[in-house]
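Trainee: using only what follows, build the 3D model:
(4 chains)
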There are 4 protein chains.
Amino acid sequence: MQQHRTESPAETGAETHDTWLEREALAEAMIPLIGHLYRNNNVVTSIHGRSLINKSTMNILKAHRFARRITTEELRLEDTAPILAILADLDLGAAAIDVGRLRLAYDRVSTAGTGQSLEEFLRTELADIVGQGGADERTSTDVVLYGFGRIGRLVARLLIEKAGGGHGLRLRAVVVRRGSANDLTKRASLLRRDSVHGSFDGTIQVDEDTNTITANGTRIQVIYSDDPASIDYTAYGITDALVVDNTGRWRDEAGLSQHLKSTGVAKVLLTAPGKGALKNIVHGINHATIEDSDRIITAASCTTNAITPVLKAINDRYGVVHGHVETVHSFTNDQNLIDNFHRGDRRGRSAALNMVLTETGAATAVAKALPELAGKLTGSSIRVPTPDVSIAILNLTLEHATTKEEVNTYLREMSLHSGMRKQVDYIDSPEVVSTDFVGSRRAGIVDGLATIAEDTYLVLYIWYDNEFGYSCQVVRVMEEMAAVHPPTYPAADADAAVAATV
Amino acid sequence: MQQHRTESPAETGAETHDTWLEREALAEAMIPLIGHLYRNNNVVTSIHGRSLINKSTMNILKAHRFARRITTEELRLEDTAPILAILADLDLGAAAIDVGRLRLAYDRVSTAGTGQSLEEFLRTELADIVGQGGADERTSTDVVLYGFGRIGRLVARLLIEKAGGGHGLRLRAVVVRRGSANDLTKRASLLRRDSVHGSFDGTIQVDEDTNTITANGTRIQVIYSDDPASIDYTAYGITDALVVDNTGRWRDEAGLSQHLKSTGVAKVLLTAPGKGALKNIVHGINHATIEDSDRIITAASCTTNAITPVLKAINDRYGVVHGHVETVHSFTNDQNLIDNFHRGDRRGRSAALNMVLTETGAATAVAKALPELAGKLTGSSIRVPTPDVSIAILNLTLEHATTKEEVNTYLREMSLHSGMRKQVDYIDSPEVVSTDFVGSRRAGIVDGLATIAEDTYLVLYIWYDNEFGYSCQVVRVMEEMAAVHPPTYPAADADAAVAATV
Amino acid sequence: MQQHRTESPAETGAETHDTWLEREALAEAMIPLIGHLYRNNNVVTSIHGRSLINKSTMNILKAHRFARRITTEELRLEDTAPILAILADLDLGAAAIDVGRLRLAYDRVSTAGTGQSLEEFLRTELADIVGQGGADERTSTDVVLYGFGRIGRLVARLLIEKAGGGHGLRLRAVVVRRGSANDLTKRASLLRRDSVHGSFDGTIQVDEDTNTITANGTRIQVIYSDDPASIDYTAYGITDALVVDNTGRWRDEAGLSQHLKSTGVAKVLLTAPGKGALKNIVHGINHATIEDSDRIITAASCTTNAITPVLKAINDRYGVVHGHVETVHSFTNDQNLIDNFHRGDRRGRSAALNMVLTETGAATAVAKALPELAGKLTGSSIRVPTPDVSIAILNLTLEHATTKEEVNTYLREMSLHSGMRKQVDYIDSPEVVSTDFVGSRRAGIVDGLATIAEDTYLVLYIWYDNEFGYSCQVVRVMEEMAAVHPPTYPAADADAAVAATV
Amino acid sequence: MQQHRTESPAETGAETHDTWLEREALAEAMIPLIGHLYRNNNVVTSIHGRSLINKSTMNILKAHRFARRITTEELRLEDTAPILAILADLDLGAAAIDVGRLRLAYDRVSTAGTGQSLEEFLRTELADIVGQGGADERTSTDVVLYGFGRIGRLVARLLIEKAGGGHGLRLRAVVVRRGSANDLTKRASLLRRDSVHGSFDGTIQVDEDTNTITANGTRIQVIYSDDPASIDYTAYGITDALVVDNTGRWRDEAGLSQHLKSTGVAKVLLTAPGKGALKNIVHGINHATIEDSDRIITAASCTTNAITPVLKAINDRYGVVHGHVETVHSFTNDQNLIDNFHRGDRRGRSAALNMVLTETGAATAVAKALPELAGKLTGSSIRVPTPDVSIAILNLTLEHATTKEEVNTYLREMSLHSGMRKQVDYIDSPEVVSTDFVGSRRAGIVDGLATIAEDTYLVLYIWYDNEFGYSCQVVRVMEEMAAVHPPTYPAADADAAVAATV
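Mentor: Next comes the predicted model:
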């Protein structure tokens, strides 16, 4: 994941090369520990919400540096390394553990002069799971991706990346229409290489006999079908599956409930805005409304996911009287390369050559996740010739006046410490442009330097990777539907479970 | 010029092929008459503001059809052809004559039953110039283009197109820094071919001996210099010149007044926003404030030209309380192809690959032409990977509520009948995209279908050819500075002079 | 049509503005005469192969200037104007008359001192058709466009442009699958505006009641069907139609002969390479092999059309031992905007972001039109992110050595004086790039400055508008199939009929 | 680094998830050992030429899988892990050790039944450096990057990545012209983010007081200067520096020797083709001709680097009679965004919109590194609208005939086992396109599926990352000039030193 942070010219006291080498050695030593805890104990470790699973040495260093944004000073690897070493010896049960926050907690304890050693502190803090290795009773959830387009493939990449210790979401199958004789090889190739997101991080194997693709050890059954209602998933050992519909062909309950008629399906998630009474979930906003009895859920659109958290933050503090959301949006495969017939207005015109005005329900759909904004927002979109990453411009009229500095400080805080910190990022670099956000895992990133505030008029600029950031939100909803979250530590931190995911 | 009009499915009663052939013959017959009046009498003919000079058969047919937008029915060529035939015989003095409006006036006279013949009517209406052929006392104004980049070359194309009967603006010279041994050929080539605007309509000759380029008979001296203050233009027979500075190197009076130190210069026009107390002129808004004593004028930016007329229209009727202008803007040569150093924020990043947020003074500069909006507007811009045509999104809070239908009807009227009809166009086609506006001569075109109006909140979408539409506005300001406008007929129509230009 | 010519720095003696105005007046005066001859006498006039029909003043001036390439000096308008004036009075029967060549012929007669006046000369030369006005017995051919994509719409534009005096090819209907409720309006809109080729030159009307589009007076029936074999075209008054299949769905006789089962169809032309024994026609090469009994013909591919004429020219003179054709090709709608499934290798990957290697049969298909090259050519293609215009690089090993100068001179001659002069153009400007060739009507344009010749190794660079240039070739084949060519003058010039078309 | 390999549908027997987890654990455990050996012993470990330094778990797994291409079966991590463990305990002196090849050697020993244990084998094989830890007498070489454009910044990224155990190439300074007040921050930002190559892998700090940028612990002095001849590098502690000139402003000895006049400079490398008698080095071909006395070296062009190794391979085996090299090349910052003046032919025309034919000396420059091809090659280039990665098409006439299968097998072998295996890669995937090669470290990659061979006519397609692949070649030349290569093991493998770099 890319780091987006302020380029402060005041960052003096740069470390020496020797210091760097020492830190590098410490980070490298952590990697086997992190992997061990993940694979053997189902323990997901993180640092202030940034997962450490399968991360490189450099990512681990960056996660420690990122802590400066939380605590004003960098987290020292000398302080986290011993925690990981101890954890690896405690035979822990499944959990999500934020090592950075644990360290903060221990520092408070130390400062208080209790004399408690680090190991004593950890044994106390994690008492419920110490010695519980192997006792995880959670079951994994089978996942079927129905449709394997751009969102489908990115969700697959995320699920494979997170396929760890044998529970959680298990990607089991992909359902597509057979497109050619060598369809299987072609599907694997599309998973392996992507013109926007780069090559798959790992190895992919194709087995024509069993019609499976194995990616980093995850075996994915490719099922050819054109009828969502007549597949016997149990024939492939798949049961109680969560079917993720990426086709967009059906948007309402009638259409999507076809999946439930197939054998082996428990629930359905649509990766597009739903129609009718279906719950539209924006993770971070209304995911708590998901009930175990919900059989069909929709994940709203990429734009709705990008803007709703920021709108909620602003509405909570300043009150939104009215707003207009304009998105400047990358083209999508729904458009044409060069002018040709298309059912939709203007969408038939060349996406590679034009700015294309398009209607969007993304702004009004905000109210489905955030009812207090019902009737207050209008929206429109302009498609432009970039392949990924979009920007939403929120033109808001507020109840209470604010200033650029105030609102930026507030949104920066929200991005670090709120329950929406997985959704909202904040950046104030004077040089960032759209491609810098390819691969961003947040739903939306506030460009602080662009903020305009005059009295009760506020204009905010929200970047988002409309493909990858959205796919991360989808996976978060899937985890919610599958109820895969383990206990989180430090226990007091209610957001840790969320924070440690994706 | 492209026609932008509603695609009404209700347009029944399509003409037959025979009717078409008859109309074609009539239009063809007009061409020599239009040319004769232009070249021999300095008479610029037009139809409802659309110039007929150097237009093709098809353009003449389209101009007659366009009349439907004015009068609800198409203007018949059978009605205008006789007018042109009579005019050609009246030995007229210089004038701008709107044949479409003359016909309307005559129809009123006929309906009134005066029994006046068409020729009698025309002799009466044009009494002041009948028999005055050759009596034109206006002098032409020498024009020097200082800088020959994208705006410079488009202004050159416009001036060559309009070089008619020996008065008005005469393009005499271009000043550039010598860029290579074969500089002259290269300059000619850039004038001849353009990747966005197509090939030059005519013939171009290069004379290395005299260092001149002759385009459609207009001889242009190419002068190599790097110092605006030390050129003796009179050495090339150029006197009292209007120097159009397209370099953007100097924006204030001190810098631009250097041109006045060169021999043979009378006035200076900057094709960019000026600084300090310099008049920023948006034609159609404040061109009447140009005084003969003004030596340095600036033509504001393309965006300011695109939005100011629409903002004036809205403010006049609904009152603008506050507004934010977001432009989605084509890249410009000021940016980089691929990431590299650039003085400006973000502009160093690849323009071909990114959405690039940039600051713009275009919104606040509106107040220089329209003081009543001072302090009411904010603005920002996003550069995207298209080479030409931009769109401005006006997010306005109004004093008085309106509806989409009402405001669209109003703006459509403004585009047809107001003093800003050369600046504002209106279109409500469901299929138009940015490339359709390449070559548009209006400063801005309202996309009516995109308009959003809710109570006192209004969002308007204004397309503009940021290169060509702006160049047309620049030429209109030049004509104002040179005071080249002849008497206009029908006399009552104060806008005809403007209307017939460009 | 764009003019592509050498930018010679030696072009001194540029005309004065007054001379230009005089020439302009002469050209304007020609327009009604040209139109009259076309509409009333079915006489197509041209100047050295460049049609004068529906051309602007500027195009007429350019056609006269172009004559320099033929005769080393410009053709004076003073010399052609009287010819047109006389022709208009001779009550001519249908013919294709090259005014430029007639003038050359008369000059030879004058020089010979016969004392024959121009009118006497013309009456003698055109004796067969003088006084034959209205005696044209040729019938027009109904044309149906089956499929209305990029080639279909450009062919439509060409047919509408050429719809003149009531015979020849008559565009009567378009067959498409209904794509949406407002399908008709959308089809009209796609004909009206194009992101690459610009707006339609004329007016377009839509009649929902009759389901017709009327473009410049040509009424086009839109027929909705998904079955080529079951349409009763006679219900629309269409008989003995030439159906142009632009869908590419069927490539062989079995598939294409379905069209012949519909009522009212006489012949079929496929605008793509055909399979099996179907004749692949490259106009200029093997169009003479079309027999009246041929019911299904194919027009080969754009690339085959671009390269075959040049290959024939080279093979005729130098002998081709072996060759490889590499095309750098604009993307087409057959590719994807962003990575997604596609049956073909690599074509699923984003066309907007990549160079895409693709196989092509265009080189081997040359042998279908030019059997002497059978087995001598290989070919491949690289698709790149431009929307139109491609370049073919011919890497040839010759029997006889040549030099760059020699081969360029030869190809330039071929482009001016051979039977392939409608197919081959030649340019040697140092500044031309791909967009300059948008709208070029030749099948291919040799870029002389790029030619590389070393002994028997030759590399040639051939630009082509893969959409428009190809569509022009298609129309030429259609005319051949419909046998619409009238007698041509000067009679000795066997190529005039071809030359005057398109 | 991306893996480019065949997508064989026959790859059955995909591993299970459990196997994957075991392998992952093994790979994770290697990371600290690899880092330790690198930092503490200056030992660069690799697997069949693929460096393990600073690589992720996934890269280590991929390197083992890659071994299949060498030995037909995958290298087991169980076999290499113990080698690393033993190496870490031997207190080794500086070396480049290929663990994959060592394993092969030991397997041969084992098979021979010597009874030698792995540790005994390693102690014998590495006898010269066992116990020599800290005894490295090599000195590091200070590097100055003069110019910090696209190549300069990528070379910097590579040097920072390779800044390990305190010797080798040390990036010390960057020399640029000050571009703005906040120049330092902007330079750091350009190093941090790149629209094509993504974000910098690590952390970057800026110190305005000392005018330094510190990247992953490497402190880089930014020096502002416009005169290469008057800088006192010793003032910054830089001595005997290798100055890498990335500006391209000077190409000959006279110009480049200016750098030698500055204090503290020992040698100069130009990252562009040199003129006159300067050695043009293509690493893998003629790097052995570099002598210690050479003060100025040039690294040829990206295209010359891409094609020379393949041409050498073909010439060695089949004999090249004649060839033409056509490159389809990504645009570079030397071109314009939209049409404007440029000294070079055609380069002024919009790079974002056009195919642009350009002359190139890359083909003839091959002879500077490979004299046997002198006079046999011609070349040309077409620039297209992609930002990075190009393809060279080699059209060759051979002395000896070959077939597609044969020549592909041969080139595949060259890519795996020859002395040019760092320069040549081979791929035969049916789906690869240009963006897949972004980040490729080889000079050129043969696209085997595209190969065309007919008798003695051969067409080869060579992809190359014209920015990054070339930068890797530049760094290899720098290492040669600095003579930084340590002893390599297995000792018999002469290529190991090369192989372990970059």
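Trainee: give the other helices and strands that the helix ranked longest in chain A contacts.
Mentor: The longest helix of chain A (DSSP state H) is helix A:17-41. Applying 3 or more Cβ pairs under 8 Å, 6 or more residues apart in numbering or on different chains; DSSP states H and E, one finds that helix A:17-41 makes contact with strand A:43-47, helix A:57-71, helix A:77-88, helix D:17-41, strand D:218-224. For every residue, glycine as well, the C-beta is placed using N, CA and C.
Trainee: please identify the deepest-packed of those.
Mentor: Among the helices and strands packed on helix A:17-41, strand A:43-47 has the highest mean neighbour count (mean count of other Cβ atoms under 10 Å in any protein chain shown), at a mean of 26.
Trainee: hmm, that one touching chain D?
Mentor: No: under the criterion of Cβ under 8 Å from any Cβ of the partner chain, strand A:43-47 makes no contact with chain D; the nearest approach is 13.4 Å.
Trainee: right, and the helix or strand after that strand?
Mentor: Past strand A:43-47, heading to the C-terminal end, the next element that is a helix or strand (DSSP states H and E) is strand A:50-51.
Trainee: is chain D contacted by that next one?
Mentor: No: for strand A:50-51, no contact with chain D is found by Cβ under 8 Å from any Cβ; the gap never falls below 14.2 Å.
Trainee: sheet partners, orientation included, of that strand?
Mentor: Strand A:50-51 has its sheet partners listed here by DSSP bridges as strand A:43-47 (antiparallel).
Trainee: the domain parsing of chain A - what is it?
Mentor: Described in terms of automatic domain parsing, the domain architecture of chain A consists of the residue ranges A:9-134, A:141-271, A:302-465.
Trainee: give me the contact status of the last one with chain C.
Mentor: Pointing back at domain A:302-465 there. Yes: Domain A:302-465 reaches chain C (Cβ under 8 Å from any Cβ) through A:331-333, A:335-343, A:348-354, A:385, A:387-388.
Trainee: what mean pLDDT does that domain have?
Mentor: Per-residue pLDDT values across domain A:302-465 average out to 97.
Trainee: now the end-to-end length of it.
Mentor: In terms of Cα to Cα, to the nearest Å, the two terminal residues of domain A:302-465 are separated by 8 Å.
Trainee: same deal with the second one?
Mentor: Distance across domain A:141-271, first residue to last, is 18 Å (Cα to Cα).
Trainee: next one: it to chain centre, how far?
Mentor: Distance of domain A:141-271 from the chain centroid (Cα atoms, centre = their mean, to the nearest Å) equals 18 Å.
Trainee: could you do the shortest one as well?
Mentor: Centroid separation for domain A:9-134 versus its chain: 22 Å, with Cα atoms, centre = their mean.
Trainee: up against chain B, what does the stretch 201-350 of chain A have?
Mentor: With Cβ under 8 Å from any Cβ as the criterion, the stretch 201-350 of chain A meets chain B at residues A:His322, A:His324, A:Glu326, A:Val328, A:Asp345, A:Arg346, A:Gly348, A:Arg349, A:Ser350.
Trainee: same thing but 10 Å
Mentor: For the stretch 201-350 of chain A, the contact set with chain B under Cβ under 10 Å from any Cβ of the partner chain comprises A:321-324, A:326, A:328-330, A:339, A:342, A:344-350.
Trainee: buried ones from those residues, can you make that a ChimeraX selection?
Mentor: The buried residues among those can be selected in ChimeraX (16 or more other Cβ atoms under 10 Å in any protein chain shown) with this line:
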select /A:322,323,324,326,328,329,330,339,342,345,346,347,348,349,350
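Trainee: narrow the residues of the stretch 201-350 of chain A next to chain B to those in strands?
Mentor: When those are checked against strands using DSSP state E, the ones located there are A:Val321, A:His322, A:Gly323, A:His324, A:Glu326, A:Val328, A:His329, A:Ser330.
Trainee: and which of those residues is nearest to D:Val265?
Mentor: Checking these against D:Val265 by Cβ to Cβ gives A:Ser330 as the nearest, at 46.8 Å.
Trainee: give the closest residue to that closest one in space, chain neighbours not counted.
Mentor: A:Thr386 (4.6 Å; Cβ to Cβ, 6 or more residues apart in numbering or on different chains).
Trainee: that neighbour and chain D: what is the separation?
Mentor: According to Cβ to the nearest Cβ, to the nearest Å, A:Thr386 stands 11 Å off from chain D.
Trainee: burial of that residue, as a residue count?
Mentor: Here the neighbour count serves as a burial measure; for A:Thr386 (other Cβ atoms under 10 Å in any protein chain shown) it reads 23.
Trainee: got the phi and psi for it?
Mentor: The main-chain torsion angles of A:Thr386 are listed as degrees, to the nearest 10 and equal phi -130, psi 150.
Trainee: list the contacts for it?
Mentor: Applying Cβ atoms under 10 Å, 6 or more residues apart in numbering or on different chains, we find A:Thr386 in contact with A:196, A:328-331, A:433-435, B:352-355, B:384-385, C:352-353.
Trainee: same thing with A:Lys261?
Mentor: Contacts for A:Lys261 (Cβ under 10 Å, 6+ apart) come out as A:Asp227, A:Pro228, A:Ala229, A:Ser230, A:Ile231.
Trainee: same thing but at 6 Å, please
Mentor: By Cβ atoms under 6 Å, 6 or more residues apart in numbering or on different chains, the contact set of A:Lys261 is A:Ala229.
Trainee: now do it, the pLDDT please.
Mentor: According to the predicted model, the pLDDT of A:Lys261 comes to 98.
Trainee: and what of A:Thr289?
Mentor: As predicted, A:Thr289 sits at a pLDDT of 96.
Trainee: much appreciated, bye for now.
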